[in-house]
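*Asks:* Predicted structure and sequence below. I'll ask about it afterward.
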Amino acid sequence: MRMASTMASLFVVAGFGSSARADPDEADQPHLIFDMGVVLRRLGPVQPTDIARTTTPLPPNVQQREAIAYVHRGGIELPYGIYGVVEGEVGNLVGIDSDKPSNPQTMLGGFVAAGYRLRLGGLVAGAELASGVVFSPSTTSSTWLASQGEVEARGFLALQLNRYYALGAIAGESLLRDDAWMMGIAFEVRVPDE
């Protein structure tokens, strides 16, 4: 299923949260945007080239991994819905395809994203293209470190709560790996850049 890719082709490249304009004059003003949320991320299989260092066999759950992470984003929205953000993620990584419980591992991620937002009354829809890297070092041992470069197409829908605040949901799919995706919710604050 290429849901995020389809959304990206429908909306061009767009963003997470909202760009509703309470005042028509705001359309010509840039805004600072800050998002805080939670994402569920499926990282997909680790490829041999993703392993940065190994001295022992990898844990069995490393082939398919899922993480729940806190995400923080900050950036600027230019006039008419075009925007760019930097994004950081930190969370716990746990294998989900193994019959045995696995030890949590720390997941760190960093992305840059650019997009466009379309306001539809009190709703905001759009899509974005994001690129970055996800690191998953072991918290119980220093014997391995995996990193994955990632490019994602993401689509979102948000509800504008008022002039400055929005609550939204996002879903995305990797353009590099068949079984990698993300979805989440976030609260956004928009501040006029005066």
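*Replies:* Here it is on my side, so go on.

*Asks:* The protein: strands as residue ranges?
*Replies:* Using DSSP state E, the strands of the chain run over residues 31-42, 51-54, 65-77, 82-95, 105-120, 123-137, 144-160, 165-174, 181-192.

*Asks:* can those strands go into JSON lines with extra columns for mean pLDDT and mean neighbour count?
*Replies:* Every residue, glycine included, has its C-beta placed from N, CA and C. Shown next, in JSON lines, are these (pLDDT from 0 to 100; neighbours: other C-beta atoms under 10 Å):
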{"stretch": "strand 31-42", "mean pLDDT": "94", "mean neighbour count": "19"}
{"stretch": "strand 51-54", "mean pLDDT": "47", "mean neighbour count": "12"}
{"stretch": "strand 65-77", "mean pLDDT": "92", "mean neighbour count": "19"}
{"stretch": "strand 82-95", "mean pLDDT": "88", "mean neighbour count": "19"}
{"stretch": "strand 105-120", "mean pLDDT": "90", "mean neighbour count": "19"}
{"stretch": "strand 123-137", "mean pLDDT": "89", "mean neighbour count": "21"}
{"stretch": "strand 144-160", "mean pLDDT": "86", "mean neighbour count": "21"}
{"stretch": "strand 165-174", "mean pLDDT": "96", "mean neighbour count": "21"}
{"stretch": "strand 181-192", "mean pLDDT": "93", "mean neighbour count": "18"}
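
*Asks:* Residue 36 is in contact with residue 184, correct?
*Replies:* No. Applying C-beta atoms under 8 Å as the test, residue 184 and residue 36 come out as separate, 10.8 Å apart.

*Asks:* hey, what's in contact with both of these two?
*Replies:* residue 71 (C-beta atoms under 8 Å, 6 or more residues apart in numbering).

*Asks:* Check the gap between residue 186 and residue 157 for me.
*Replies:* 12 Å (C-beta to C-beta, to the nearest Å).

*Asks:* who touches both of the two?
*Replies:* residue 168.

*Asks:* Many thanks, have a good one.
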